[in-house]
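Participant: Got a predicted structure here, sequence first:
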Amino acid sequence: MKLELLEIPDIKLLYPKKFEDERGFFSETYNQKMFSEIGIDTKFVQDNQSLSRKVGVLRGLHFQKAPFAQDKLIRVIRGSILDVAVDIRVGSPTFGKNVFAEISSDKWNQIFVPVGFAHGFVTLEPDTEVHYKVSNTYAPETECSIRWDDPYLDIDWQIDPTKVTVSEKDSNAISFAEYCRNPAF
């Protein structure tokens, strides 16, 4: 597995090996021992999958508060996304900064986003399917969203904001300033 660190080194971009032949391919997308060797000692407890029919479906910026905070391992089964992680750890040298990477079925890559980051993505192709592993179960009472278009965060989603489709929940998310008044991490 090839490992690439982004500008915030806690976020890891991973490229699993893919063995192809005339039958198709085989790939080991998760192996606890191998992940541990590259510094990811997470015990995943739940797998999730989403389908976004249109280009420009934006999901995020989400996180869960303790004791249900989640590490996430995100990969794309079909299509592509621009994946974004925002450091929301007070006192971190990269607090309020974001990193992004294109994750796609063609690139056969995945991204690890640890606890302490708000996470989101926007679809770049129609009928995009995203699969992600999480280290804690879904707990709606601890769930929180920060606005995807918060001016302080100044995230370049690389898509026309008028063409973005978001849920009502994400439209009503808190600002980053509101998060800073009562931080979770």
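Facilitator: In hand now; what should we look at?

Participant: what's the pLDDT at the closest residue to Pro161 other than its chain neighbours?
Facilitator: Counting by Cβ to Cβ, 6 or more residues apart in numbering, Pro161 lies nearest to Asp149, which is 6.3 Å off, once chain neighbours are set aside. To be clear about C-beta, it is placed using only N, CA and C from the backbone, and glycine gets the same treatment. Here, the pLDDT recorded for Asp149 equals 97.

Participant: Secondary structure of Asp149: a strand, I assume?
Facilitator: No - applying DSSP: H, G, I helix; E, B strand; the rest coil, one finds Asp149 to be coil, outside a strand.

Participant: My guess is it contacts Thr162. True?
Facilitator: No - counting by Cβ atoms under 8 Å, Thr162 is not a contact partner of Asp149; they are 11.0 Å apart.

Participant: Surely Asp87 touches Pro114?
Facilitator: No - applying Cβ under 8 Å, one finds Asp87 not in contact with Pro114, separated by 10.0 Å.

Participant: Tell me where the chain has strands.
Facilitator: Ranges of strands within the chain are 2-5, 12-15, 18-21, 24-27, 46-52, 58-64, 72-78, 80-87, 98-104, 110-113, 117-123, 128-134, 143-145, based on DSSP state E.
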